[in-house]
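Trainee: give me a model of this one.
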Amino acid sequence: MNEARPVRRPGGATLAPTSERRGLPALLVILGAAFVSGLILLLTLSEPIVAGGFAAMVVGGSALIWFARRLFPPVELDESIIMDWAVTRAAAEAAGLAIAVTDRTGRIVCASDQYGEWFAAYPTPVEINVTPSDRERLAEAGRTAWRDGHAQLSNIESADLHLDVDVLRTGRGDDFLLWRFLTVRQANIFEDYLRMTEGEAGVQLARAGIMCAMIGGEGRLRAANPAFLLRATGRSDSNITGRDLASYMRVDNKGRIFFASEENQATPVRLFQIPLRPDDPQSLLLLVMVDDPVASVDGLTSLAYVETLLSLLPFGLGMADRDGRFLFYNKAFGRAAGVTEGRPSYPGDLVVPEDQAAVADAVRRYAIGPQMSGDMQVRLRVQPDEPVSLGLAGVRGLGEAAVLLSLKDNSEESRLKRQLAQQTKMQAVGQLAGGVAHDFNNILTAIIGHCDLMLMRHTPGDTDYHDLQQVKANSNRAAALTRQLLAFSRQQTLRPQVLQLPDVVSEVSSLLKRLLGENISLDVTHGRNLGAVRADPGQLEQVIVNLVVNARDAMPQGGTVSIRTFALRAAQVREMKNDFMPIGDYTGLSVTDTGIGIAPDVIGKIFEPFYTTKEVGKGTGLGLSTVYGIVKQSGGFILADSELGVGTTFTIYLPVHAVETDEQERKPSKKRGTTETWGTGTILLVEDEDMVRSVAERALSRQGYKVITASDGEQGLARLAAADKIDLLISDVVMPGMDGPAMVRAARIGHPSIPVLFMSGYAEEQLRKSIDIDNVAFLPKPFSVTQLAEAARDVLGAAREAAAAAAAEPVRLISDDE
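Mentor: Model prediction:
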């Protein structure tokens with residue numbers, strides 16, 4: 001039996017069930033009602049039996065009702081569980097749901113705030129703002145839920161909302177429908193369009209060459225992807241928000257659309273308009289633009305026509321699409337890129353890995369940007385040490401082709417650049433070497449002079465004699481080293497003579513055989529009709545020896561060294577087509593070996609001083625640089641040609657010397673037969689280096705001369721003016737203040753016949769060209785005491801002989817008849 005439960009009031013008081021509290025008053029009411037009703041009938045009908053029976057019936061019926069209520073008491077619900085729609089709404093809001101509860105009449109009895117935000121004015125679920133077809137689907141879902149207890153709908157569109165709806169019959173008496181709007185997604189088309197222009201999707205479209213822009217109903221730009229920005233403004237990072245689209249586009253008289261920033265030869269674009277809301281004329285528009293392909297030419301597509309044209313050109317040209325893939329390249333491009341087999345897919349496949357990213361980015365930039373051109377320096381895989389120029393140009397209207405590539409075969413240009421750089425470097429190193437050698441010559445002159453003076457005071461049996469000889473010997477070796485440096489810098493002193501190359505080769509043949517040894521044979525061949533050359537025979541012998549020694553070292557297992565002399569006529573020089581040899585007749589000398597050869601990356605450095613590929617201690621690195629300097633100073637040229645495993649050939653070209661008539665008749669002066677170095681006279685010695693001046697003064701004084709010294713040109717002129725007589729003037733060339741030549745010119749104003757002996761560490765020929773003074777002798781540094789004494793003796797002797805000859809010349813008298 002169900003009993004009514006006590007009800008707890010707020011504050012803790014508990015009340016009895018309602019049936020117990022109402023039982024006694026109800027009984028009194030029933031009995032009173034029966035009495036009153038019986039009395040009324042008795043007074044009205046005057047029938048006591050009828051009135052009593054009616055009263056009894058009322059009492060009996062009331063008793064039955066009271067007993068039934070006692071037997072089946074009504075269930076009293078707790079006030080706390082009575083339906084409260086505010087609690088339902090609060091629960092829905094806490095869950096973030098959009099729900100509505102309707103009764104059987106379709107009236108909303110409860111709805112969440114979210115429901116009201118999505119559907120203004122809280123319409124019933126079947127009356128929300130949807131299409132007529134979706135409204136019918138909602139009504140059918142309500143009927144299905146009343147019948148089956150549950151219904152579901154998906155993809156209901158209301159304004160900017162995409163909805164999934166779940167309908168559930170509920171309530172104690174199944175008197176309500178619960179409408180739940182589940183899996184709600186806001187369909188913001190504006191954001192979708194924005195991603196297609198400014199987001200990652202816009203970047204991907206730009207890489208494919210598709211230009212996108214979004215404009216408002218007033219025609220102003222809201223957003224654009226990089227491809228549109230690059231074509232419209234020339235920069236992919238430009239800010240054009242709020243600008244008028246018409247300022248970036250133009251239309252020609254044929255109705256074609258172009259970018260305003262591009263020239264008349266630009267490619268038209270095809271434009272597609274996609275409105276945000278088709279039914280709204282002022283809605284946002286998404287503009288999609290692609291290049292409009294050009295019509296065919298004589299039955300060929302434009303791309304095929306261009307490919308046919310490019311294949312006939314001698315220039316290296318190719319084409320790539322917007323993704324950077326090769327579409328075509330001609331044979332000249334393949335040769336320049338070093339493509340021997342296969343076909344590269346991308347231009348980046350031709351360059352070194354470090355340049356691939358830059359090439360790919362450049363191709364993509366020219367493909368999607370305005371029609372512009374440029375070039376960049378890249379390093380090819382086949383020749384990573386030589387950068388080449390890769391030209392790029394954006395093209396439009398050729399279908400898939402978006403970039404035109406050009407590659408120049410600049411191997412000849414690179415070779416000339418290397419030669420120029422090598423020549424410049426050799427010249428710079430030569431100037432440095434010449435300056436060092438000049439300063440070093442002064443030091444060696446003092447060392448060698450002091451050794452000679454000390455050796456004069458010691459006999460071969462003395463204990464110090466051997467040590468002094470070693471010092472002098474090593475000083476002479478150092479002097480030879482400075483001569484090699486001067487030879488490389490073309491500043492050494494040469495004694496040129498007119499000679500024949502076969503004669504020079506014959507002079508050193510016996511020495512060469514001893515140098516080569518038994519396992520290397522020497523083959524000498526001379527040509528016919530060889531022209532004479534003007535060179536220093538001693539230096540030419542040094543050139544031949546150095547080249548042969550170099551060839552010997554390249555053949556450790558033995559082989560053959562071939563020396564050949566030959567004539568090279570002007571016509572043959574013209575056929576050689578080189579830029580460094582003037583047209584004329586030459587006499588050539590070649591030295592060939594069958595050795596290991598010289599690597600291509602080394603052959604450009606072989607003439608550099610101190611560069612050697614030999615082991616440590618087996619070469620100074622000055623052999624070939626000395627050869628280079630001597631040949632250049634002699635007015636000739638030297639070339640090296642080598643092949644690994646085959647051998648090397650050094651070829652020297654010396655210009656043929658045209659012998660003049662007076663030169664043929666000129667007889668060489670006879671050398672003084674005596675070796676006596678004693679002399680008399682007064683010598684003025686002008687030298688700025690104290691140690692050289694001291695040695696020279698002591699050496700000349702020991703030979704019997706009276707020596708007057710001066711440290712510069714001004715002091716030398718003062719000494720000359722103060723002296724009674726100066727028989728010989730010995731001077732350095734380069735001095736601070738007044739140099740030697742300026743001093744001599746001033747001295748000869750008052751002493752026109754004074755003999756002059758210049759001493760310097762620079763080359764005699766170079767000095768004679770710069771000095772331009774007659775009747776002067778030259779003594780190169782470093783020199784020994786004996787060499788200085790001999791030079792002074794020879795100059796004084798020649799001056800005295802000339803004076804005696806002038807005095808002995810008869811004077812012819814003029815007669816009166818004449």
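Trainee: check which helix or strand the nearest residue to Arg180 once chain neighbours are set aside maps to.
Mentor: Leaving out its chain neighbours, the residue that sits closest to Arg180 by CB to CB, 6 or more residues apart in numbering is Asp166, at 4.5 Å. For every residue, glycine as well, the C-beta is placed using N, CA and C. Assigned by DSSP states H and E, Asp166 belongs to strand 161-170.
Trainee: buried set for that strand?
Mentor: Leu161, Leu163, Val165, Asp166, Val167, Leu168, Arg169 (16 or more other CB atoms under 10 Å).
Trainee: using JSON lines, lay out those together with pLDDT and distance to Val561.
Mentor: Shown next, in JSON lines, are the buried residues of strand 161-170 (pLDDT from 0 to 100; distance: CB to CB, whole Å):
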{"residue": "Leu161", "pLDDT": "70", "distance to Val561": "97"}
{"residue": "Leu163", "pLDDT": "81", "distance to Val561": "99"}
{"residue": "Val165", "pLDDT": "90", "distance to Val561": "103"}
{"residue": "Asp166", "pLDDT": "90", "distance to Val561": "103"}
{"residue": "Val167", "pLDDT": "91", "distance to Val561": "108"}
{"residue": "Leu168", "pLDDT": "90", "distance to Val561": "109"}
{"residue": "Arg169", "pLDDT": "90", "distance to Val561": "115"}
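Trainee: could you point out the helix or strand that follows the helix or strand hosting Asp467?
Mentor: Here Asp467, judged by DSSP H and E, is contained in helix 463-488. Downstream of helix 463-488, the first helix or strand assigned by DSSP H and E is strand 497-499.
Trainee: for Trp560, helix, strand, or coil?
Mentor: Quick fix: residue 560 is Thr, not Trp. Recorded secondary structure, Thr560: strand (DSSP: H, G, I helix; E, B strand; the rest coil).
Trainee: list the contacts for it?
Mentor: Applying CB atoms under 8 Å, 6 or more residues apart in numbering to Thr560 gives the contacts Ile520, Ser521, Leu522, Asp523, Asp593, Thr594.
Trainee: need the strands for the stretch 301-450 of the chain, in chain order.
Mentor: For the stretch 301-450 of the chain, the strands defined by DSSP state E, counting those that start in this stretch cover 316-320, 326-329, 373-380, 383-398, 401-407.
Trainee: for the stretch 151-300 of the chain, same thing?
Mentor: 161-170, 176-186, 211-215, 221-224, 249-251, 257-259, 269-275, 285-291.
Trainee: that older thread, the residue nearest to Arg180 reaches Gln152, doesn't it?
Mentor: Yes - assessed by CB atoms under 8 Å, Asp166 is found in contact with Gln152 at 5.4 Å.
Trainee: got any ranges where the stretch 51-200 of the chain has weak pLDDT?
Mentor: With pLDDT under 70 as the threshold, the stretch 51-200 of the chain has low-confidence stretches at 51, 54-55, 58, 65-96, 159-160, 183-190.
Trainee: mean pLDDT and mean neighbour count added to the strands of the stretch 301-450 of the chain, as JSON lines?
Mentor: Output for the strands of the stretch 301-450 of the chain, formatted as JSON lines (pLDDT from 0 to 100; neighbours: other CB atoms under 10 Å):
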{"stretch": "strand 316-320", "mean pLDDT": "82", "mean neighbour count": "24"}
{"stretch": "strand 326-329", "mean pLDDT": "80", "mean neighbour count": "20"}
{"stretch": "strand 373-380", "mean pLDDT": "84", "mean neighbour count": "15"}
{"stretch": "strand 383-398", "mean pLDDT": "79", "mean neighbour count": "18"}
{"stretch": "strand 401-407", "mean pLDDT": "82", "mean neighbour count": "22"}
